[in-house]
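Q: Below are the sequence and a predicted model; questions follow.
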Amino acid sequence: MIRELQTAEIDRLLRSEIIGRLGFHARGRTDVVPITYVFDGKSIIGHTGLGHKVMMMRENPSVCFEVDHIDRTGGWESVLVHGEFQELHDDDATHALDALLDHIAAFERLDKRPVTHGAGRFAPGGGERPEVVFRIAIEDKTGRGGTILQRGA
């Protein structure tokens, strides 16, 4: 059975994960890519190198973001966020990137596995591509949960 998640459950799921999928559309093309992120209670914070996705989001800042969790018992939860892409600069970018790196470090300590890519893994500020720190200003968020169907059930 599928059920709607309440606001507190949606926020809990957004806080508990570090990888979600960012969807964006421009020039007749829609793409979805995984990103590392942190939820700050009001927005999704992300980080990437200047490239295809940033160019598309600059052209059309209406984006969506999805994160889900499937546990070992077959239970699942999924959250979908709609919002606006906003580039961050100067102190805002520095604080947002610090929060993202702290979130990844906390996840690594909890999960006991290193995150091998994502924020800060391609030399922020000194890599081959200029870095872009951004937020998705949340306009709405919804969530669902349920159990994966199993044979014989």
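A: Structure's in. What do you need?
Q: buried residues in the longest strand along the chain?
A: When the chain is parsed with DSSP state E, its longest strand is strand 131-147. Neighbour-count burial for strand 131-147, counted by 16 or more other CB atoms under 10 Å, picks out E131, V132, V133, F134, R135, I136, I138, K141, G143, G145. The C-beta positions use only the backbone N, C-alpha and C, and glycine is treated the same way.
Q: My read is that L5 contacts R144, right?
A: Yes: L5 is in contact with R144 according to CB atoms under 8 Å; the separation is 6.4 Å.
Q: where do the helices sit along this protein?
A: For the chain, helices defined by DSSP state H occupy the ranges 7-16, 52-59, 90-111.
Q: mind listing what the residue lying closest to G20 once chain neighbours are set aside touches?
A: Sequence neighbours aside, V67 is the residue nearest to G20 in space, at 3.7 Å (criterion: CB to CB, 6 or more residues apart in numbering). By CB atoms under 8 Å, 6 or more residues apart in numbering, V67 lies in contact with L13, L14, E17, I19, G20, R21, Y37, S78, V79.
Q: which neighbours do L5 and R144 share?
A: Residues touching both L5 and R144 by CB under 8 Å, 6+ apart: E77.
Q: Can you get me a residue count around I148?
A: Neighbour count for I148, taken as other CB atoms under 10 Å: 11.
Q: For it, give its distance to T30.
A: As for I148, its distance to T30 is 27 Å (criterion: CB to CB, to the nearest Å).
Q: again with R144
A: Separation of R144 from T30 (CB to CB): 21 Å.
Q: same question, L80
A: From L80 over to T30 (counting by CB to CB), the distance is 15 Å.
Q: These two: which has the busier surroundings?
A: Ranked by neighbour count (other CB under 10 Å), L80 and T30 place L80 first, with 17 against 10.
Q: quick one: contacts for that one?
A: C64, F65, E66, K141, T142, G143.
Q: The one helix or strand in the chain whose mean pLDDT sits lowest: how far from the chain's middle?
A: Lowest on mean pLDDT, DSSP states H and E among the helices and strands of the chain sits helix 90-111, with a mean of 86. The chain centroid and the centroid of helix 90-111 are separated by 13 Å under CA atoms, centre = their mean, to the nearest Å.
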